[in-house]
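here is a sequence with its predicted model. Questions after.
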Amino acid sequence: MMYLRKAGERGNVNLGWLESQHSFSFGHYYDPKHMGFSALRVINDDIVQAGRGFETHGHRDMEIISYVVSGALKHKDSTGNEYIVPAGDIQVMSAGKGIMHSEYNPSQDELVNFLQIWIVPNQKGGEPSYAQKTIGSATTDEASVSHLELLVSADGRENSLNIKQDAAISRVKLANDELISLKTGARKGYLHIISGNVQISVQSEPSPVTLRAGDAIGIFENDEINLKAESDLVALWFDLPK
């Protein structure tokens, strides 16, 4: 069994300064069939115009991850953090008992494209926190392809950023025609394509599917997906509790 989420079927928001594709119900977009997957609650694919952004607003009890695909994002929050997050960096903000923050595009002439990801924590309250890490190019390059790189985890292993949930996010980078297999064991998995095309064979399904940028697939316990890149591929793999 699989959960398939195609890019063109996502919720669309266009506010002029912001164009956003919502993989799951968010804001004014509501679809009871797409409320999240396991602890993964939000993936918004946001494009923000130059010099614009999200004014100061509040969050609590949510793990919020920003993966910058292109351009740069400026973060400022009520705990005193103020940082630029360029393409090739990832940031994690644990909202804890409550935090105010803003995010905007500091460039006066370039767009910023980033994935806004929310994961529901397994602990409520606590002090809010912020962390940022450089992970390298957001697209494939000759020096670094064909691997699974851990970005976010519950315990900070392998120099990953820590979140308050038994979940992990890894980046998949494959060159054209390269292969990788991803297994769930007693957990769930969700793959979101950032760029490139990939043919996916799911162990529990009779026919392969082709995914393109913005598409995603979720699989359940004791399943496996085999990926064959049909072009240079960048994707995020979410290892999630059942």
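That came through, no problem. Residues are numbered from 1 along each chain as shown.

residue 218 and residue 184 touch, don't they?
No - contact between residue 218 and residue 184 fails when scored by C-beta atoms under 8 Å: they sit 9.8 Å apart. Any C-beta I mention is one placed from the backbone N, CA and C, and that applies to glycine too.

could you check the pLDDT of the residue of the chain positioned farthest from its centre?
Most distant from the centre of the chain: residue 206, at 27.9 Å, with distances by C-alpha atoms, centre = their mean. Per-residue pLDDT puts residue 206 at 90.

now do the phi/psi pair for it.
For residue 206, the backbone dihedrals (degrees, to the nearest 10) come out as phi -80, psi -30.

do residue 215 as well
phi -80, psi 160.

give me the neighbour count for it.
23 (other C-beta atoms under 10 Å).

cool, and the one 10 residues further on?
Burial of residue 225 is recorded as 25 neighbouring residues (other C-beta under 10 Å).

which helix or which strand is home to it?
Per DSSP states H and E: residue 225 is located in strand 224-229.

repeat for residue 213
Secondary structure from DSSP H and E places residue 213 outside every helix and strand.

measure it to residue 130 for me?
Distance from residue 213 to residue 130, counting by C-beta to C-beta, to the nearest Å: 29 Å.

also residue 198?
33 Å.

neighbour-wise, which of the two wins?
residue 198 (25 against 19).

touching, residue 181 and residue 225? I think so.
Yes - between residue 181 and residue 225 a contact is recorded at 7.1 Å, counting by C-beta under 8 Å.

for the strand holding residue 225, the distance to its chain's centre please.
On the basis of C-alpha atoms, centre = their mean, to the nearest Å, strand 224-229 is displaced by 19 Å from the centre of the chain it belongs to.

partner strands of it, with direction?
Partner strands and pairing direction for strand 224-229 (DSSP bridges) are strand 179-183 (antiparallel), strand 198-202 (antiparallel).

quick one: contacts of that strand?
Residues from elsewhere that reach strand 224-229 (C-beta atoms under 8 Å, 6 or more residues apart in numbering): 172, 174-184, 189, 191, 196-203, 217, 219, 233.

nearest to residue 20, of the strands paired with strand 224-229?
strand 198-202 (23.6 Å; C-beta to C-beta).

I would like the residues contacting the helix or strand following that closest one, please.
Counting by DSSP H and E, the next helix or strand C-terminal to strand 198-202 is strand 209-211. Strand 209-211 is contacted from outside by 4, 191, 193, 197-200, 202, 217, 230, using C-beta under 8 Å, 6+ apart.

bridging residues for residue 182?
Applying DSSP bridges, one finds that residue 182 bridges with residue 225.

could you report the pLDDT at it?
At residue 182, the model reports a pLDDT of 97.

next, count neighbours for the closest residue in space to residue 114 that isn't next to it in sequence.
Sequence neighbours aside, residue 68 is the residue nearest to residue 114 in space, at 4.5 Å (criterion: C-beta to C-beta, 6 or more residues apart in numbering). For residue 68, the neighbour count with other C-beta under 10 Å is 21.

quick check: residue 68 vs residue 51, distance?
17 Å.
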